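Trainee: please find the sequence and the predicted model below.
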Amino acid sequence: MSTIAHKIFNQANNNPAKIAIYCDENSINYRQLADMVSGWSVSMQEQGVKYGDHIAVLLPNCIEYIALMLVAANNGLVLVPLNIALPIEAIYQAFITANVKHVVATANILKLLDSKIPIADDSLWISLDEKYNNAILLIDLIGEAQTNFKSEGQDNAPFILTMTSGSTGNPKPITLEQQTKLARANSAIEIYKISNIDITLVATPLYHSLAERLVLIALLTGGTAVLMPRFSPSEWIRIVEEKQVSFTIAVSSQLSQIANHIDKVKSIDSLRCVVSSSALLELKIKERLITKLNCEFHECYGTSEIAIATNLTAKDATFKLKSVGKAISNVEIGILTDNGTIAGVNEVGEIICKTPMLFSGYYGQPKLTNDAIFDDYFCTGDIGRIDEDGFLYFLGRKKEIIISGGINIYPADIESVIIEYDLVQENAVFPFPDDKLGEIVAVAIVPKEQFNLRTLRLLCAERLADYQQPRKFFIVEKLPKNSLGKIMKHQLISTYT
C-alpha cells in the first residue's frame, strides 16, 4: 500500500470539493486530483511501466507535476526530477547516473532529448502539452485507462532521486524513500503547526526537495497548496494577498528580494508563519520582514540529505540572532573536528547530524554514501560551532558550494567547462555576494596570450545552465596557492568580494 498516495485519497474522500492545488489560473480539488492520479496510475501499468522503474521529470511547476509525484507513490515508481534549464549534456549524464527509463516532459524538451539521447524500445515518453513523434499525450494517456488498478507502492522503497550536482562530471542522486518524505513533511507540520486551514505557498521549482515537501505538507493535512510557476518578489506578494496564503518556507535569497518590495505594501494580514531556509538572512532584512509581515518568523538549517535539522524561532532570535537555532525534535547535531573527535562547546568543525529523516544513500555510489557517514551521523560538509546553550552557528561551506537563488552550484562543474577554452591556463570559481540571489558565480582566470573573454562567455552560454553562468570575471596573473599547490579560494573571496 502506498503511504503517501492513500493519505491523499483519504483527503479526497473526506473533502472532495476542497481546492487541493492552485497554479496560475488553474485549480484542482481533491476529488479531481484523486481521479487524475488513479487514471494515470492505471495507464502507466497498462503501458508496461513496472514497479521500481525510474522516470525523469522535466516539467515546469504545474498541477500535473504534483499528480505525477502521487502516481509514483501509488505505483512504486522512482521519480528523477531534473532542472529544465540544464544543458543536454548534463541531462544525458543524469539519465545514465540515475538509470532513467521513462520520461515525462513538454514537447519541446522531448524534441531536444530525441536528438541527443538514445531511448530504449520499452521506454515510455509522455508529453504534457503537445503530440510529438511516438510520445503519448498525457490527456490521452489518462483517458485510455481500462483495466483495474493494483496499487504497488511501498513506503520503504525508493521514491525520489534528487540530483545534487549540476551540469558536468558525476552527479550525486540522493535516494529518498516514501517513508522519509513522509517523515520530513510530518516533522515540518509539527514544528510549524500546519493544519487543514492553512494555505501553503510553493515558490521554488518542484525539482527541489523543499518544494516537494511543501506540497506534501499541504496535501497531507488537507490544506491547499499554491504553486508559483516562476518566482518574482512582486508576484509572490500578489499571490500571498490574493490567495490569502498563511504558511510558506522560502529560500533566503527570495526573502531578500521580497524585503525590497514589501515597503510598497500596506500590510499582509494572512501570513501566519514564514520560514527562511538555505542561508542566513541579513539582520536588517530580517527585521524589515518581521515588521511588515507581522507573523511568526523562523529560520532553519538543513541539507537535502537530512532535511530540516535546526530551527530558530523569532523569540530565540532576540538573543541568538546569529545562530541557525537548536536541533529539532528527534534530531542530534554535533561538530566533528579535523582529527575525528566530537568538538566541545564553541569549537569549530564540520556539522554532523543524526536524524530519522536521513536519506537512503547516493544512488549507485555506496562508497560516497559510506564516506558521508560518521558513527550514524551524516557529515554535511558545512562548518559550524555549537554554543553552551545548544545553538548552532553556521560558518561556511566546506565543499565550496555556491548557493544562488536557493540553487546549489558546484564550482568544479563550471571550472571544467572554462578550462576547455584553450586560451585559459587556470581558473577558479568562487561565490560573489549579490543582493537579489544571495550569491552569484565569479571566476578568476589566468589567461594565455590573446585571451578573448567574449569567446569564453559564448562557451559558458552553450555548455552551462543559466544559473551557472559566471557573472563576474577577474583576469589575474596567478592564482593564490599553498605550498602543496592547492588553490586557496578564501583569498580570492577576501580580495574580490
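Mentor: The structure has been received and is ready for your questions.

Trainee: going forward, measure contacts between C-alpha atoms and count neighbours the same way
Mentor: OK.

Trainee: was I right to think E415 contacts V429?
Mentor: Yes - the pair E415 / V429 is scored as a contact, 6.4 Å apart, by CA atoms under 8 Å.

Trainee: which one's more surrounded, these two?
Mentor: Comparing E415 with V429 by other CA atoms under 10 Å, the one with more neighbours is V429, at 25 against 18.

Trainee: can you give the distance from the host helix or strand of that one to the centre of its chain?
Mentor: Assessed by DSSP states H and E, V429 sits inside strand 424-434. Chain-centre distance of strand 424-434: 24 Å, with CA atoms, centre = their mean, to the nearest Å.

Trainee: what comes into contact with stretch 100-119?
Mentor: The contact list for stretch 100-119 (CA atoms under 8 Å, 6 or more residues apart in numbering) reads 53-59, 80, 84, 88, 92, 120, 123-132.

Trainee: recalculate using a threshold of 6 Å.
Mentor: Residues outside stretch 100-119 that contact it (CA atoms under 6 Å, 6 or more residues apart in numbering) are 54-59, 123-130.

Trainee: please name the strands paired to the strand holding V429 in the sheet, noting orientation.
Mentor: Using DSSP bridges, strand 424-434 pairs in its sheet with strand 438-447 (antiparallel).

Trainee: may I have the partner strand exported as PDB, CA atoms only?
Mentor: This file holds the C-alpha atoms of strand 438-447, laid out as PDB (Å, rounded to 0.1, in the frame of the first residue of the first chain):
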ATOM      1  CA  GLY A 438      22.400  35.900  -2.300                       C
ATOM      2  CA  GLU A 439      25.400  34.700  -4.300                       C
ATOM      3  CA  ILE A 440      26.400  34.700  -7.900                       C
ATOM      4  CA  VAL A 441      29.200  32.900  -9.700                       C
ATOM      5  CA  ALA A 442      32.600  34.600 -10.000                       C
ATOM      6  CA  VAL A 443      35.700  33.300 -11.700                       C
ATOM      7  CA  ALA A 444      39.400  34.200 -11.500                       C
ATOM      8  CA  ILE A 445      41.200  33.400 -14.800                       C
ATOM      9  CA  VAL A 446      44.900  33.100 -15.600                       C
ATOM     10  CA  PRO A 447      44.800  33.600 -19.400                       C
END
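
Trainee: can you state the direction angle for the helix or strand just after it and strand 424-434?
Mentor: Using DSSP H and E, the next helix or strand after strand 438-447 towards the C-terminus is helix 453-463. For helix 453-463 against strand 424-434, the angle between stretch directions is 70 degrees (axes from the mean of the first three to the mean of the last three CA atoms, to 10 degrees).

Trainee: now helix 453-463: how far from the chain's centre is it?
Mentor: For helix 453-463, the distance to the chain centre is 27 Å (CA atoms, centre = their mean).

Trainee: cool, stretch 308-317 as well?
Mentor: With CA atoms, centre = their mean, you get 21 Å for stretch 308-317.

Trainee: quick check: mean pLDDT across that stretch?
Mentor: The average of the pLDDT scores along stretch 308-317 is 90.

Trainee: which parts of that stretch are buried?
Mentor: I308, A309, T310, N311, L312, T313, A314, D316, A317 (16 or more other CA atoms under 10 Å).

Trainee: can you lay out the residues you listed as TSV showing secondary structure and distance to T337?
Mentor: Listed next are the buried residues of stretch 308-317 as TSV, based on DSSP: H, G, I helix; E, B strand; the rest coil; distance: CA to CA, whole Å:
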residue	secondary structure	distance to T337
I308	strand	22
A309	strand	19
T310	strand	20
N311	strand	23
L312	strand	24
T313	coil	28
A314	helix	30
D316	helix	27
A317	helix	27
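
Trainee: and which of these is nearest N408?
Mentor: The shortest approach to N408 among the buried residues of stretch 308-317 belongs to I308, at 16.4 Å (CA to CA).
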